[in-house]
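Asker: show me how the following folds:
(2 chains)
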Amino acid sequence: AQSVSQHNHHVILSEAASLELGCNYSYGGTVNLFWYVQYPGQHLQLLLKYFSGDPLVKGIKGFEAEFIKSKFSFNLRKPSVQWSDTAEYFCAVNYYNDYKLSFGAGTTVTVRA
Amino acid sequence: NAGVMQNPRHLVRRRGQEARLRCSPMKGHSHVYWYRQLPEEGLKFMVYLQKENIIDESGMPKERFSAEFPKEGPSILRIQQVVRGDSAAYFCASSPPQGIDTEAFFGQGTRLTVV
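Answerer: This next block holds a predicted model:
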């Protein structure tokens, strides 16, 4: 079965700092990769996804992620965070063309003004 | 276009009671998925339904849990005789009919607390 590891449980940053959240998965075959965000009191929302093509994926709100197949990683980055980026971030993976998502445990990001 | 709607947002039940969680998919979506998030863990797949059909319930506990998605109305996740270990956040997602590039849209979740 797929397993997804997120390296940090809780990250605290100041505004304008750079953010990088790690994500590694266990499966060696073809996968689809996702980052979701959940702002306080809101639904889980897709930030970005990778299905194929350019391994550097740009998402909403200035986020990007890089798929490194050799490292089984899909790390999320943002060069300069804002207070409004305070949220919980989830990495998720599924087999190519499968509907089941495997999620990491999530990383809570707190941005201090 | 309203998103995936889950209710209630918070549900408190005493041990032994029944919990019913509702999910209304996005308009035009005929596929519904339920996930459970236990404390300190990621979301875990429970069940995948299409209208009037359970497609995959491999993640559902064998007893006390059931799910349905009737022809009319929301999808229901039902937990009978709840125990403390059922306390978790339950998320519903919906998607249109499957394609290579299909994205699932999630609701806000229902936080179940069993006391």
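Asker: got a list of what the residue most central in space within chain A touches?
Answerer: With distances taken as CA atoms, centre = their mean, A:Trp35 lies nearest the centre of chain A, 3.5 Å away. The contact partners of A:Trp35, by CB atoms under 8 Å, 6 or more residues apart in numbering or on different chains, come to A:23, A:46-49, A:59, A:63, A:65, A:74, A:76, A:89-92. (Each C-beta comes from the backbone N, C-alpha and C, glycine too.)
Asker: host element of the spatially most central residue of chain B?
Answerer: The residue lying closest to the centre of chain B (CA atoms, centre = their mean) is B:Trp34, at 3.5 Å. Counting by DSSP states H and E, the element that carries B:Trp34 is strand B:31-37.
Asker: what sits against the residue nearest to the centre of chain B?
Answerer: B:23, B:46-47, B:49, B:67, B:75, B:77, B:90-92.
Asker: can you list the low-confidence ranges for chain B?
Answerer: Applying pLDDT under 70 to chain B flags residues B:1-2, B:98-102.
Asker: can you give me the strands in it?
Answerer: B:5-7, B:10-13, B:19-24, B:31-37, B:43-50, B:53-56, B:65-68, B:75-79, B:88-95, B:105-106, B:110-114 (DSSP state E).
Asker: and for residue 14, the neighbour number?
Answerer: No chain specified, so I'll use chain A. 10 (other CB atoms under 10 Å in any protein chain shown).
Asker: that's the wrong chain, I meant chain B
Answerer: B:Arg14 has 8 nearby residues by other CB under 10 Å.
Asker: doesn't B:Leu112 make contact with it?
Answerer: No: using CB atoms under 8 Å, B:Arg14 is not in contact with B:Leu112; the gap is 11.9 Å.
Asker: overlap in contacts of the two?
Answerer: With CB under 8 Å, 6+ apart, B:Arg14 and B:Leu112 have common neighbours B:Val82.
Asker: list the contacts for B:Phe91?
Answerer: Going by CB under 8 Å, 6+ apart, B:Phe91 touches A:44, B:6, B:34-37, B:43, B:106-107, B:109.
Asker: which of the residues you listed sits closest to A:Ser5?
Answerer: B:Leu43 (14.4 Å; CB to CB).
Asker: can you pull the residues of chain A lying near chain B?
Answerer: A:4, A:6, A:9, A:36, A:41-46, A:49, A:51, A:90, A:92, A:97, A:99-106 (CB under 8 Å from any CB of the partner chain).
Asker: the residues you listed in strands, which ones?
Answerer: Using DSSP E, these in strands are A:4, A:6, A:36, A:44-46, A:49, A:90, A:92, A:102-103.
Asker: leaving out sequence neighbours, find the closest residue to B:His29.
Answerer: B:Ser94 (3.9 Å; CB to CB, 6 or more residues apart in numbering or on different chains).
Asker: sorry, back to before: can you flag the buried ones in the residues of chain A next to chain B?
Answerer: A:4, A:6, A:36, A:43-44, A:46, A:49, A:90, A:92, A:99-106 (16 or more other CB atoms under 10 Å in any protein chain shown).
Asker: around chain A, pick out the residues from chain B.
Answerer: B:3-4, B:31, B:33, B:35, B:37, B:40-45, B:48, B:56, B:59, B:91, B:93, B:95, B:98, B:100-109.
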